[in-house]
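K.L.:
need a structure here:
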Amino acid sequence: MTDVSSPPEEGDMIEHLKEEEDEEELPHSEILDIFEEGLALIVQDPLLCDLPIQVTLEEVNSQVALEYGQAMTVRVSKADGEVMPIVVVQQATVLHLKKAIRRYLELKQQREGGIKHISWRYVWRTFNLVFNGEKMDEDGKKLKDYGIKNRDEVTFVKKLRKK
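P.N.:
Now for the predicted structure:
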């Protein structure tokens, strides 16, 4: 007669499975805390210390690209005097800059609150980006073709109405 070991009791199996679930599952709030602690450590790195606490992966990647010379910062000044540091790749076009401005302002709104919606169609219909007195009105033209380099300043200028 062969000795067949009896299968584990059903109660033992359920208890074992519950223990495994308890080990693997953490409440959402704890996971967020662990993530934010790790993120805080990353942001303390000297290369990334300029970034906000609620940093996104895109912002970290942009900062790393800046450090490796793969990107540049274009300072965009608004009429109210605020200067926005916008990070774009070295070969960026005017359209890339416009999209980066949009992302920058959307992130800023999420962090600070304030205006809920910006009509970008209205913004680009009403304002031009200007560098050294030259309107940047060709979306496909590279920033370098306008002579824009790292840390150069571009301004928002209200378009003149045609009569």
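
K.L.:
Leaving out chain neighbours, which residue sits closest to Gly140?
P.N.:
Thr93 (5.7 Å; C-beta to C-beta, 6 or more residues apart in numbering). Backbone N, C-alpha and C define where each C-beta goes, glycine included.

K.L.:
now Phe156
P.N.:
Counting by C-beta to C-beta, 6+ apart, Phe127 is the residue found nearest to Phe156 once chain neighbours are left out, at 4.8 Å.

K.L.:
How about residues contacting the longest helix along the chain?
P.N.:
Selection of the longest helix in the chain by residue count, based on DSSP state H, yields helix 94-112. For helix 94-112, contacts defined as C-beta atoms under 8 Å, 6 or more residues apart in numbering pick out 52, 54, 56, 58-59, 74, 76, 84, 86-89, 92, 115-116, 118, 120, 124, 129, 136-141, 143, 146, 154.

K.L.:
List only buried entries from the residues you listed.
P.N.:
Burial by neighbour count, judged by 16 or more other C-beta atoms under 10 Å, picks out 59, 74, 76, 84, 86-88, 92, 124, 129, 136, 143, 146, 154 from those.

K.L.:
can you list the domain ranges for the protein.
P.N.:
Here the domain assignment for the chain is 10-44, 56-158, based on automatic domain parsing.

K.L.:
quick one on the thing from earlier: need the per-residue pLDDT for the residue nearest to Phe156.
P.N.:
Phe127 is assigned 95 on the pLDDT scale.

K.L.:
coming back round to it: give me whichever of the domains of the chain is most buried.
P.N.:
Looking across these with neighbours counted as mean count of other C-beta atoms under 10 Å, the highest average goes to domain 56-158: a mean of 14.

K.L.:
Ends of it, what's the gap?
P.N.:
As for domain 56-158, its first-to-last residue distance stands at 31 Å under the measure C-alpha to C-alpha, to the nearest Å.

K.L.:
Check stretch 72-86 too.
P.N.:
Start-to-end span of stretch 72-86 (C-alpha to C-alpha) is 8 Å.

K.L.:
That concludes my questions; thank you for your assistance.
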